[in-house]
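The amino acid sequence is not available; the structure is as follows:
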């Protein structure tokens, strides 16, 4: 039935409600000719002055920077230390420093992104977490944008909306990289 035919059911309220329910169920299941655009959801964050987004499946949780952490002797400077977060020992990594772009300023907006990786526990210290960001598939761009913090090797494209670009940061690729896995100071 199309919209014109709904008007013919005005005198039959039960049939009208049944048709509305049928159309709602069809729209929710993706049938009925109403195709909703595919949506991608990520967690937005800031490193320095640049904003990025990571797949929400790669983020276990976002935490405040702990007040205490234990330094790791013989580790690179970007490995800030080990912290006990919710009963789990988590290495804390200054992402900006690891990428060679200077130390992250520790402020009240500084957050730890606990990476949801099956084998490698990691807490990534970033300047700020900006919350969930949702994008339509039409906003996706495969091109990897240049960044100030030099992380292009960990980017898988971007989402572009109006004048904003949100580079997609692959957290798994970063923590599986040799750069990350070689935390011992030379």
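Here it is on my side, so go on. Since this is a predicted model, take the numbers as computed values, not measurements.

Let me know whether residue 136 touches residue 38 as I believe.
Yes. Counting by C-beta atoms under 8 Å, residue 38 is a contact partner of residue 136 at 7.0 Å. (Glycine included, C-beta is placed from N, CA and C.)

Compare neighbour counts for those two and give me the winner.
Using other C-beta atoms under 10 Å as the criterion, residue 136 and residue 38 rank with residue 136 on top: 13 against 10.

so what's that one bridging to?
residue 39 (DSSP bridges).

List the contacts of the nearest residue to residue 151 once chain neighbours are set aside.
Spatial nearest neighbour of residue 151, excluding adjacent residues (C-beta to C-beta, 6 or more residues apart in numbering): residue 99 at 5.3 Å. Counting by C-beta atoms under 8 Å, 6 or more residues apart in numbering, residue 99 makes contact with 47, 149-151.

residues making contact with the helix or strand where residue 173 lies?
Applying DSSP states H and E as the criterion places residue 173 in helix 171-175. With C-beta under 8 Å, 6+ apart as the test, helix 171-175 has contacts from 54-55, 58-59, 95, 113, 115, 117, 120, 122, 124, 151, 153-154, 156, 180-181.

For PyMOL, write the select line for the buried members of the residues you listed.
If you want just the buried ones from those in PyMOL, going by 16 or more other C-beta atoms under 10 Å, the selection is:
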select buried, resi 54+55+58+59+95+113+115+122+124+151+154+180
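
Show me where this protein has its helices.
With helices called from DSSP state H, the chain shows them at 3-7, 13-29, 95-98, 171-175, 178-181.

Pick the most buried one from those.
helix 95-98 (a mean of 22; mean count of other C-beta atoms under 10 Å).

just checking, residue 130 touches residue 44?
Yes. At 3.5 Å, residue 130 counts as touching residue 44 under the criterion of C-beta under 8 Å.

which neighbours do these two share?
Joint contacts of residue 130 and residue 44 (C-beta under 8 Å, 6+ apart) are residue 51.

just checking, residue 122 touches residue 115?
Yes. Counting by C-beta under 8 Å, residue 122 touches residue 115, with 4.6 Å between them.
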